[in-house]
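Novice: Got a predicted model here, sequence first, then my questions.
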Amino acid sequence: MDTDERRGAGRAASDANVPRLLWEEEPAVRRRMADPVRTAAVRAVIIASLTMTQAVIAFLCTLAGSWLAFPMVLSSVGSTVVATWAVLDVWVTRQVWNQRNGVVSIPSSTARQLRRERRLARRTARATERESVRIRRRERGRGRGRLSEA
């Protein structure tokens, strides 16, 4: 008896022919970041990691009593300022992107429903306007025909 057969002994007969998938994709819980925001985030992570590496090197140089300790501590302070700026840049870039590109319009969004209603109102207004113009043309045409017959 095969191993799979022993494992499937408790299964129902209808499940026996269904193949098991090796990889099942699950839908993403969060949406993907916009490209400018992602770029700023990657930049911030790289700068922060370099700053932490630099701080560790400064600490080890201080413990060793190396001449490099003082310049490394000063540059670590400067790098901390730059890393803070990079993280703020991610936040600002995200806010700017959201303001420029508007709210996310999902099917249940109120904004989308309002736009749909406005579009429908404009269409009906245009249709009634076209219909009233047609009626006026017909009435004018009939009136001329009667005058010319008399």
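Specialist: Okay, I see it.
Novice: For the rest of this, base every contact and every neighbour count on C-alpha atoms.
Specialist: Will do.
Novice: who touches Thr93 in this structure?
Specialist: 36-37, 40 (Cα atoms under 8 Å, 6 or more residues apart in numbering).
Novice: Would you check how far apart it and Thr62 are?
Specialist: 37 Å (Cα to Cα, to the nearest Å).
Novice: Give me the subset of the contacts of Thr93 that lies in helices.
Specialist: Among these, the members falling in helices are 36-37, 40 (criterion: DSSP state H).
Novice: next one: the strand or helix carrying Val92 to chain centre, how far?
Specialist: Assigned by DSSP states H and E, Val92 belongs to helix 69-101. From the chain centre to the centre of helix 69-101 is a distance of 23 Å (Cα atoms, centre = their mean, to the nearest Å).
Novice: Quick one: mean pLDDT over that helix.
Specialist: On average, the pLDDT along helix 69-101 is 93.
Novice: after it comes which helix or strand?
Specialist: Note on helix 69-101: by DSSP H and E, the next helix or strand toward the C-terminus is helix 110-149.
Novice: same for that following helix, what does it pack against?
Specialist: Contacts defined by 3 or more Cα pairs under 8 Å, 6 or more residues apart in numbering; DSSP states H and E place helix 110-149 against no helix or strand at all.
Novice: ok so, going back, can you select the buried ones among the ones in helices among the contacts of Thr93 for me in ChimeraX?
Specialist: One line in ChimeraX is enough to select the buried ones among those; burial here means 16 or more other Cα atoms under 10 Å:
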select :37,40
